[in-house]
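Enquirer: just the structure for this:
(one chain, ligands or ions: 1)
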Amino acid sequence: MEAFRRSKVMFTAVSMGVFDLLAAGPEDAYALSLHMEAGEDAAARLLDGCVALGLLEKNGSLYANTEMAARYLVRDSPHTLAGYILYSDRVLYPMWSHLDAAVREGGHRWKQTFGFEGGLFSHFFKTEQDKRTFLLGMHGLGQLSSPAVAGAFDLSAFRRVADLGGATGHLALAIAARYPDMEAVLFDLPEVIEFAREFTAGSRVQLVAGDFFGDALPEAGLYTLGRIVHDWSPDKIEALLGRIYAALPAGGGLLLAEKLLDEDLAGPAAAHMQSLNMLVCTEGRERSFSQYAELLRAAGFSEIRGERTGAPLDAVLAIKK
Ligand SMILES: C[S@@+](CC[C@H](N)C(=O)[O-])C[C@H]1O[C@@H](n2cnc3c(N)ncnc32)[C@H](O)[C@@H]1O
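Expert: Numbers count the residues shown, from 1 in each chain. Coordinates of the predicted model:
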């Protein structure tokens, strides 16, 4: 009953910059309340709530970040999840308040929540700030999974990988780091490729801008799709997988990074929550390994294997014979 309260306390503390302020050192409630532009009593209640949740420590009257908060909740930390938290606070939290309508009508809630229509990513990227928040969210969460996805299968037979819809490039970077001889390309919409430059600078990941539904795909022996299949309707998935299959040489591969549902669809809970999230904000859904295998076989792929990685995203590899 109160899980949403806990989430909202963390979202609000991140959004008000509590963890960023405390990155400089411990402070008391009065000093923090001035930065937060809040009354001291209400600010102290939020701070004490964070202490109770294990996000802050309190010594006497001074609050400090826990190790976990310093790693994941401070915006400048290299491991920060603040992007996904802010995206959850500003976008997902209001959209989830219409879950009942999403279930009844079977579709996303962009129009109901924010009053506008258009292509899926025109919502995510409506303003520069929206785009930044979303992509930083993808980056923070992606970093937790990409090294495990890159290591889920032996990819050493492939000479060139192209990560389609790769956002900041965390998966392309993880594969490039694991396979030093493999060339790596990051392909995404032009406005995202511009944003990706700061994340891929100094690496050997090449950047290519384009639309994976309409433009020629960069040449590669291995394509990757991280959290792409779960965004789209069956028609669009069929079109995208068909284009990838046509672009691959014989022996080429397609690696998916997605959270797998159990075969009996009884769990894991995080995958079901994500599937409902997809209902609320995309055209897509989460799937089990067999369900992905069916989509891949229909596109022509064979030798389809799935691996649970233990990270937030699992991996599926399919080969074009
Ligand atoms: C859910 S995000 C996943 C990003 C990344 N693969 C990851 O796992 O962090 C979807 C990505 O697909 C990209 N995208 C959406 N439509 C696209 C299109 N038509 N062509 C190329 N990229 C697209 C978005 O810009 C975004 O980076």
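Enquirer: any idea how far Tyr87 is from Ala101?
Expert: 21 Å (Cβ to Cβ, to the nearest Å). Glycine gets a C-beta too; all of them are placed from N, C-alpha and C.
Enquirer: neighbour-wise, which of those two wins?
Expert: Taking other Cβ atoms under 10 Å, Tyr87 and Ala101 do not tie; Tyr87 has more neighbours (24 against 14).
Enquirer: dump the residue contacts of the more buried one.
Expert: 133-134, 136-137 (Cβ atoms under 8 Å, 6 or more residues apart in numbering).
Enquirer: farthest pair within these?
Expert: Greatest spatial distance in those: Phe134 and Leu136, 7.4 Å, computed using Cβ to Cβ.
Enquirer: that older thread, ok, so of the contacts of Tyr87, who is nearest Ala24?
Expert: For the contacts of Tyr87, the nearest to Ala24 is Leu136 (21.2 Å; Cβ to Cβ).
Enquirer: where does that closest one land in three-state SS?
Expert: helix (DSSP: H, G, I helix; E, B strand; the rest coil).
Enquirer: is it true that it touches Gly83?
Expert: Yes: look at Leu136 against Gly83 with Cβ atoms under 8 Å: they come within range, at 2.7 Å.
Enquirer: that older thread, so can I have CSV of the contacts of Tyr87 showing neighbour count, distance to Leu189 and pLDDT?
Expert: Output for the contacts of Tyr87, formatted as CSV (neighbours: other Cβ atoms under 10 Å; distance: Cβ to Cβ, whole Å; pLDDT from 0 to 100):
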residue, neighbour count, distance to Leu189, pLDDT
Thr133, 22, 16, 85
Phe134, 23, 12, 88
Leu136, 23, 16, 91
Gly137, 23, 16, 89
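Enquirer: same list (the residues you listed) but as a markdown table, adding distance to Ala196.
Expert: Below are these laid out as a markdown table (distance: Cβ to Cβ, whole Å):
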| residue | distance to Ala196 |
| --- | --- |
| Thr133 | 15 |
| Phe134 | 13 |
| Leu136 | 12 |
| Gly137 | 14 |
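Enquirer: and which of those residues is nearest the ligand?
Expert: Of all the contacts of Tyr87, Phe134 has the smallest distance to the ligand: 7.7 Å, by Cβ to the nearest ligand atom.
Enquirer: what's the helix or strand encompassing Lys236 in contact with?
Expert: Secondary structure assignment for Lys236, by DSSP states H and E: helix 234-247. Applying Cβ under 8 Å, 6+ apart, the contact partners of helix 234-247 are 164, 212-213, 216-217, 219-220, 223, 225, 228-229, 232, 254, 283-284, 295-296, 298-301, 320.
Enquirer: of the residues you listed, which fall within the contact range of the ligand?
Expert: Subset of the contacts of helix 234-247 in contact with the ligand: 212-213, 228, counting by Cβ under 6 Å from any ligand atom.
Enquirer: in space, what's closest to the closest residue to the ligand within the stretch 201-321 of the chain - neighbours in sequence excluded?
Expert: Across the stretch 201-321 of the chain, the shortest distance to the ligand (Cβ to the nearest ligand atom) belongs to Gly226, at 3.2 Å. Nearest in space to Gly226, with sequence neighbours left out and distances taken as Cβ to Cβ, 6 or more residues apart in numbering, is Ala257 at 3.9 Å.
Enquirer: then that neighbour would be within a strand, right?
Expert: Yes: looking at Ala257 with three-state DSSP, it is inside a strand.
Enquirer: what pairs with it across the strands?
Expert: Gly226, Ala315 (DSSP bridges).
Enquirer: that one contacts Tyr223, doesn't it?
Expert: No: using Cβ under 8 Å, Ala257 is not in contact with Tyr223; the gap is 11.8 Å.
Enquirer: isn't the residue of the stretch 201-321 of the chain closest to the ligand up against Leu313?
Expert: Yes: counting by Cβ under 8 Å, Gly226 does reach Leu313; the two are 7.0 Å apart.
Enquirer: neighbour-wise, which of those two wins?
Expert: Gly226 (26 against 23).
Enquirer: ok so, going back, which neighbours do Gly226 and Leu313 have in common?
Expert: 142, 145-146, 149, 257-258.
Enquirer: in the stretch 51-200 of the chain, what residue comes closest to the ligand?
Expert: Gly165 (2.9 Å).
Enquirer: how many residues are close by that residue?
Expert: When counting by other Cβ under 10 Å, one arrives at 22 neighbours for Gly165.
Enquirer: likewise for Gly115?
Expert: Using other Cβ under 10 Å, Gly115 is surrounded by 7 other residues.
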